[in-house]
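# Quick check, what structure comes out for this input:
(2 chains)
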Amino acid sequence: MIRDITIGQYYPVDSVIHRLDPRTKLFGTLVYIVSLFCFDNFLGFVAAAAFFAGIVILSKVPFSYICRGLRPIIILLMFTVLFNIFFTPGRILLQWKFIKITYEGLYRAGFMGVRLILLILGSSMMTFTTTPTQLTDGLERAMSPLKIVRFPVHDIAMMMSIALRFIPILLEETDKIMKAQQARGADFETGNIFHRAKALIPIFIPLLVSAFRRAFDLAMAMEARCYRGDKGRTKLHPLRYKFRDGIAYLYFAVYIAVIILLRKWI
Amino acid sequence: MGIITTDQLVHEYIRRDENGDEIGREQALRGVSIDIPAGSFIAVLGANGSGKSTFAKHLNALLNPTSGTVIVNGLDTRKEENQWDIRKSAGMVFQNPDNQIVATVVEEDVAFGPENLGVKQEELQGRVDEALKKVGMFEYRYHSPNRLSGGQKQRVAVAGIMAMRPSCIIMDEPTAMLDPNGRKEVIDTVHQLNKEEGITVILITHYMDEVVGADYIYVMDHGEVAMEGTPREIFTHVKELSDIRLSVPCATELCHRLREAGISMELSGVLTSKDFVNAYRNTHFTDLSKESIKNPNSAENALKSPNTVREEGASGDGEHLDNNEVLLELQNVCYTYSEGTTYEKKALKNMNLKIHEGEFVGLIGHTGSGKSTLIQHLNGLVKPTSGKVMFKGEDIHGEKYSKKALRSNVGLVFQYPEYQLFEATVLKDVCFGPKNLGLSQEEAEKKAKEALALVHIDETMYNSNPLELSGGQKRRVAIAGVLAMSPKVLVLDEPTAGLDPVGHDEILQEINHIHEETGMTVVLVSHSMEDVAEYADRVVVMSDGECKLYGTPQQVFRNVSELESMGLAAPQVSYIMQMLHAEGLAKEAFAITLDQAVNALLSERRETR
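Numbers count the residues shown, from 1 in each chain, chains lettered A, B, ... in the order given. Okay, here's the model as predicted:
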């Protein structure tokens, strides 16, 4: 059923990585992504891969499952690699008519490919081990300093979590409305692009009406339950750093040290 | 003075044009004065549009009175500084279970209210757990609300209110979108909270059975309190209630009908089957001696034995239809959702069914039994995982079969079809179907007008915006949208959901009228055994993706214990007849409609005289 779609591909197992505070994971992901753009040689990637491998092992998420995350970007990856192979000037390795492959091209292609793969795999670890709710909570807390400049951090976090709650409901509703209009003879599968776009009107209008109705109902229900923004609001599960988060930050510190060392001396 | 009092409460909705200028006023409440004592269970009855929801919103300070006052716990709702305390002490549960759950995990949703109140973090978990236990949802605390049933979601909503420790719960039609089991779950829960926790309950509804246990009832009509009193007092006014689009419980209705037929039984106080039996005994005629009934205690046997069958009325004698052409046929149809994933679910298991031309088929089964999946197979919206669906002997998933032709032949009306309306005017919306079939504008309009006439939508509404019509009218327009395609078979998924009692009867009567006038084959999915008993020639009972019982209503509703084991029931009147028989008060032990019961009881009177 359409309601079974999981957002953010959360992989439900219990591991130390899953239990980490989302803020820790956000910070770790940030460090990792920045580090990938600091390296200018393959040795740096070895360090990044080692750092990443440690997390993968602890997370208990199967490696094959993580690699599935690469599927949607395979075209982008191929394009990047081929572009680099064929269009980097330098010492020529092979030449056939106007197509030439250079040493530098091969090197750069490999370099960019590895960087892209590590980037995608690493950042998907965040969503594999963190539920969307935790992620929202983490973002809210991590961005809370912005409240000083009147940035509506709480409101944005609340909107995100409501969106997460209603996406499956609206998807289901879309499915229902589509079927209902199909039952009235609507055709979404044939015709040119304009025809198809026009055929979507009978879906979008009822969906929009319904979304507004739901928004109105929900706003009233929230108000009836004394919601008035984050003023004086407490939390059932407030984010609290545990000992394991300390260990994680230590791990990040070691990694940052390694990056600096690699940049300086190699 | 009670916990909630209103004095001459008036509410006006002001309609404005684009510039914000007033173009009209509508009085939703016209001087409502009530006084609700703490700890009581109060019901507010009223048809769609009677102002009962507007009234409920005033009790929670979600609306401001145009004039008059509302005092909750000694606080005036007009003062803004009181709103917070009012909402804290008088929690509100709304109609749509999905639209009032905020969080993606049950426990976090229950915590939402107390979090807003600033309850200390150490105390929160205790409050949440306690509230969930009170409504019996503790074991679901880590679940996603999306995977709960409607009744369960409403209980979570009740827990969300309970966690705020209110002294009063206001429920605005909490059961209108639920199936009978879900309704019972929710009503039982609030009764328990009322008794055990002393919570004041204000239940707003149009289901008569739910208010029988209330301490006091206010009946609203056109923004006014039309009647008030205990259930016993209110339900003696059968005629007045039906004038304001309400009904009475089944037992009361039966009693009323017998009185109209000349039996002088006491009407006051007859609310449940038991009341009816007692009243019947008290008015009972000494001339019907016990000996004239053999084995009065073997009602169960009598139910099953075919000798006591008395075929009567138009409903129930569907045998002759077996010779008609088979329009739709399902052969060994299986359907599996999300095959190969962890959510795999077998929705249909080897389903066989024949629908003959001109039949009125009732399809019953509890939520999740596969009814909705089944009807989507009938017009090819869903393709069976295995098995065949045939229309007039042709496989609808055959290579050359035209889906468009099939969809014009098999019209499918989904639940809450009014949510699918999208055009700017009623007439245009109804034309959508015929135009998709390739008809010209004129032909389409002709079909649309015919269809609208069938559901009694008159010409004055043709150019109205469908969204501005009343609930019952929207529903009719949506049904007309399917009728305009002149289908041979009309399939309706709970066409009466959420309508008030009179609106419910009107829609069903219209459908039955169309069936009788045009000979259209009808498949009606319903949660109401009474409706199926009343109108259907054939009943299909589904459970767990299979067809468990099939036959005329007379045949199917004899299997009471089997129906009950599937979470269903026989029509209420059949339980009354069974009780009368068991008590030795009636020879006949079986009736599935009120008419049958009335006739049976009257004819027994004549015989024994």
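
# what number of residues lie near B:K153?
25 (other C-beta atoms under 10 Å in any protein chain shown). Yep, even glycine has a C-beta here, placed from its N, CA and C like the rest.

# That one contacts B:P145, correct?
Yes: B:K153 lies in contact with B:P145 (C-beta atoms under 8 Å); the separation is 5.9 Å.

# shared neighbours, the two?
Common contact partners of B:K153 and B:P145 (C-beta atoms under 8 Å, 6 or more residues apart in numbering or on different chains): B:D98, B:I101.

# In chain A, what residue comes closest to chain B?
Of all residues in chain A, A:G185 sits closest to chain B, at 3.2 Å by C-beta to the nearest C-beta.

# how close does that residue sit to A:G191?
14 Å (C-beta to C-beta, to the nearest Å).

# Assign the residue of chain A closest to chain B to helix, strand or coil.
Here A:G185 is recorded as coil under DSSP: H, G, I helix; E, B strand; the rest coil.

# Could you report the pLDDT at it?
The model reports A:G185 with a pLDDT of 88.

# hang on, the earlier thing: higher neighbour count, A:G185 and A:G191?
Ranked by neighbour count (other C-beta under 10 Å), A:G185 and A:G191 place A:G185 first, with 21 against 12.

# OK, contacts around that one?
Contacts of A:G185 (C-beta under 8 Å, 6+ apart): B:K404, B:R407, B:S408, B:F432, B:G433, B:N436, B:L437, B:M485.

# cool, B:N82 as well?
B:N82 touches B:A61, B:L75, B:D76, counting by C-beta under 8 Å, 6+ apart.

# Only whichever of those are buried, select them in ChimeraX.
Selection of buried members from the contacts of B:N82 for ChimeraX, criterion 16 or more other C-beta atoms under 10 Å in any protein chain shown:
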select /B:61,75
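
# what about B:V389, which helix or strand?
Secondary-structure element containing B:V389, defined by DSSP states H and E: strand B:386-391.

# With A:M222 instead?
helix A:201-224.

# what's the neighbour count on the residue in the stretch 151-300 of chain B positioned nearest to chain A?
At 6.6 Å from chain A, B:G160 is the closest residue in the stretch 151-300 of chain B, using C-beta to the nearest C-beta. Neighbours of B:G160 under the rule other C-beta under 10 Å: 28.

# Could you verify my assumption that it touches B:G113?
Yes: with contact defined as C-beta under 8 Å, B:G160 reaches B:G113; the gap is 5.5 Å.

# Common neighbours of the two, please.
Residues touching both B:G160 and B:G113 (C-beta under 8 Å, 6+ apart): A:R225, B:G91.

# Name the nearest residue to residue 183, ignoring sequence neighbours.
Looking at chain A here, since you left the chain open. B:L412 (4.2 Å; C-beta to C-beta, 6 or more residues apart in numbering or on different chains).

# look at chain B instead
B:T175 (4.2 Å).

# How is the closest residue to chain A within the stretch 501-609 of chain B assigned, secondary-structure-wise?
Going by C-beta to the nearest C-beta, chain A is nearest to B:V523 of the stretch 501-609 of chain B, at 13.2 Å. The three-state label given to B:V523 by three-state DSSP is strand.

# could you point out which element follows the helix holding A:M222?
Assigned by DSSP H and E, the successor of helix A:201-224 is helix A:243-265.

# Against which helices or strands is that following helix packed?
Judged by 3 or more C-beta pairs under 8 Å, 6 or more residues apart in numbering or on different chains; DSSP states H and E, helix A:243-265 is in contact with helix A:22-36, helix A:42-59.

# can I get these in a markdown table with mean pLDDT and distance to B:M208?
Conversion of the helices and strands packed on helix A:243-265 to a markdown table gives the following (pLDDT from 0 to 100; distance: least, C-beta to C-beta, whole Å):
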| stretch | mean pLDDT | distance to B:M208 |
| --- | --- | --- |
| helix A:22-36 | 93 | 51 |
| helix A:42-59 | 90 | 57 |
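
# okay if I get those as JSON lines plus distance to chain B?
What follows is these, written out as JSON lines (distance: least, C-beta to the nearest C-beta, whole Å):
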{"stretch": "helix A:22-36", "distance to chain B": "15"}
{"stretch": "helix A:42-59", "distance to chain B": "20"}
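
# Deepest-packed of those helices, please.
helix A:22-36 (a mean of 19; mean count of other C-beta atoms under 10 Å in any protein chain shown).

# and the angle from that helix to helix A:42-59?
160 degrees (axes from the mean of the first three to the mean of the last three C-alpha atoms, to 10 degrees).

# any weak-confidence spans in the chain?
Since you didn't name a chain, this refers to chain A. Applying pLDDT under 70 to chain A picks out residues A:1-9, A:266.

# Please refer instead to chain B.
For chain B, the stretches with pLDDT under 70 are B:284-320, B:340-343, B:608-609.

# Wait, a strand at B:E329?
Yes: under three-state DSSP, B:E329 falls within a strand.

# That one and chain A, how far apart?
20 Å (C-beta to the nearest C-beta, to the nearest Å).

# Strands of the stretch 401-550 of chain B, residue ranges please.
B:410-413, B:489-493, B:521-525, B:538-543, B:546-551 (DSSP state E, counting those that start in this stretch).

# Was I right to think B:L75 contacts B:I86?
Yes: counting by C-beta under 8 Å, B:L75 does reach B:I86; the two are 5.4 Å apart.

# check contacts around B:H513.
B:H513 is in contact with B:L454, counting by C-beta under 8 Å, 6+ apart.

# Those residues of the stretch 301-450 of chain B touching chain A, which are they?
Residues of the stretch 301-450 of chain B lying close to chain A (C-beta under 8 Å from any C-beta of the partner chain) are B:337-338, B:341, B:343, B:345, B:376, B:379, B:381, B:404, B:407-408, B:411-412, B:414, B:417, B:419-422, B:432-433, B:436-437.

# Mind checking which of those residues are buried?
B:337, B:345, B:376, B:379, B:381, B:407-408, B:411-412, B:414, B:417, B:419-422, B:432-433, B:436-437.

# Give me the phi and psi angles of B:E583.
Main-chain dihedrals, B:E583, degrees, to the nearest 10: phi -80, psi 0.

# tell me the contacts of the closest residue to it other than its chain neighbours?
The spatial neighbour of B:E583 that comes closest, neighbours along the chain excluded (C-beta to C-beta, 6+ apart), is B:V277 at 5.9 Å. By C-beta under 8 Å, 6+ apart, the contact list for B:V277 reads B:I576, B:M579, B:L580, B:E583, B:L585.

# any idea which element the second one lies in?
Under the criterion of DSSP H and E, B:M579 resides in helix B:572-582.

# Next, the buried residues of the following helix or strand past that helix.
Following helix B:572-582 in sequence order, the next helix or strand is helix B:594-608 (DSSP H and E). Applying a neighbour-count criterion of 16+ other C-beta under 10 Å, one finds B:L594, B:D595, B:Q596, B:A597, B:V598, B:N599, B:A600, B:L601, B:E604, B:R605 buried in helix B:594-608.

# distance of the first one from B:N559?
This points to B:L594. As defined by C-beta to C-beta, B:L594 lies at a distance of 21 Å from B:N559.

# So what are the sheet partners of the longest strand along chain B and their directions?
Longest strand of chain B, by residue count under DSSP state E: strand B:22-36. For strand B:22-36, the pairing partners within the sheet under DSSP bridges are strand B:4-16 (antiparallel).

# Show me the two of the contacts of A:G185 that sit farthest apart.
Largest separation among those by C-beta to C-beta: B:K404 and B:F432, giving 13.7 Å.

# hmm, back to that, packing partners for the strand holding B:V389?
By 3+ C-beta pairs under 8 Å, 6+ apart, strand B:386-391 packs against strand B:326-337.

# Which parts of the stretch 51-200 of chain A are helices?
For the stretch 51-200 of chain A, applying DSSP state H, counting those that start in this stretch gives helices covering A:63-67, A:74-87, A:103-129, A:132-142, A:153-183, A:193-199.
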